[in-house]
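Student: the sequence and its predicted three-dimensional model are supplied below.
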Amino acid sequence: MKRNYFIKHLSTAGRWIATTLFCVSAIAFVWQGAFFSNPVAMAAPTATLIADAGVADKVQGKVSTDAGRAKNFIEDTKDKVKETANKNASRVDQADDEGSFIERKAKSDRDTIEKRANEDAARTEKAVDNTKNAVQSAIDNIKGAFD
C-alpha cells in the first residue's frame, strides 16, 4: 500500500514537471521568434504597392479559378454521396426479396440522402459564388481607390 501512495505522488509531480517544462519551452520559443526576427525585411528600401493593377488581375483570375475548382469538388462530392446511397439501397434490395419494411426504408433513406445532397451542394455553391463576388468586389474597390 505504501508503494501505491508514493507512486501516485511521484506521478502527480511528474505531470507537473512535464507541464512546466512544456510551458517554459513554449514561452522560450515565442520569445526567440519575437526578438530575433529579420530586421532587414522591415527596412526595405523600396515601397511595395499592394494595389498594383497586374496583381489585382492575377488575384481575380485566381479567385475565379479556385471558385471553379471548388464547384467541381462540390459536384464530385454530391455525386459520390448519391452513388453510395444508391449502392446501399440496391444491396438491401438484393438481400430482401419480399419488399419488406427494411427495403422501403432503405429506398426512402436513399431518396432523402439524394435530396439533401442536392440541397447542400446548391447552398455550398451559392456560398462559393458569394465569396468569389465579395473578393472580386473588394479588389475592384481597392483598384478604384488607387486609380
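Tutor: Structure received.
Student: which residues in this structure form strands?
Tutor: Using DSSP state E, no strands are found in the chain.
Student: so which elements touch the helix ranked longest in the chain?
Tutor: Secondary structure of the chain per DSSP state H: the longest helix is helix 101-146. On a contact count with 3 or more Cβ pairs under 8 Å, 6 or more residues apart in numbering; DSSP states H and E, helix 101-146 meets helix 53-95. Using the backbone N, CA and C atoms, a C-beta is placed for each residue, glycine as well.
Student: what mean pLDDT does the helix it packs on have?
Tutor: On average, the pLDDT along helix 53-95 is 78.
Student: other SSEs contacting it?
Tutor: Looks like helix 53-95 contacts helix 101-146 (3+ Cβ pairs under 8 Å, 6+ apart).
Student: next, the angle from the helix it packs on to helix 53-95.
Tutor: Helix 101-146 runs at 180 degrees relative to helix 53-95, counting by axes from the mean of the first three to the mean of the last three Cα atoms, to 10 degrees.
Student: what's near enough to touch the spatially most central residue of the chain?
Tutor: The residue lying closest to the centre of the chain (Cα atoms, centre = their mean) is Ala70, at 11.9 Å. Neighbouring residues of Ala70 by Cβ atoms under 8 Å, 6 or more residues apart in numbering: Val128.
Student: quick one: it from Thr131, how far?
Tutor: Here the distance between Ala70 and Thr131 works out to 9 Å (Cβ to Cβ, to the nearest Å).
Student: cool, and Val92?
Tutor: For Val92 relative to Thr131 (Cβ to Cβ), the value is 39 Å.
Student: looking only at neighbour counts, state which of the two leads.
Tutor: The neighbour count for Val92 versus Thr131, taken as other Cβ atoms under 10 Å, is higher for Val92 (17 against 14).
Student: pull the number of nearby residues for the closest residue in space to that one that isn't next to it in sequence.
Tutor: Leaving out its chain neighbours, the residue that sits closest to Val92 by Cβ to Cβ, 6 or more residues apart in numbering is Ala106, at 3.8 Å. Neighbourhood size, Ala106 [other Cβ under 10 Å]: 20.
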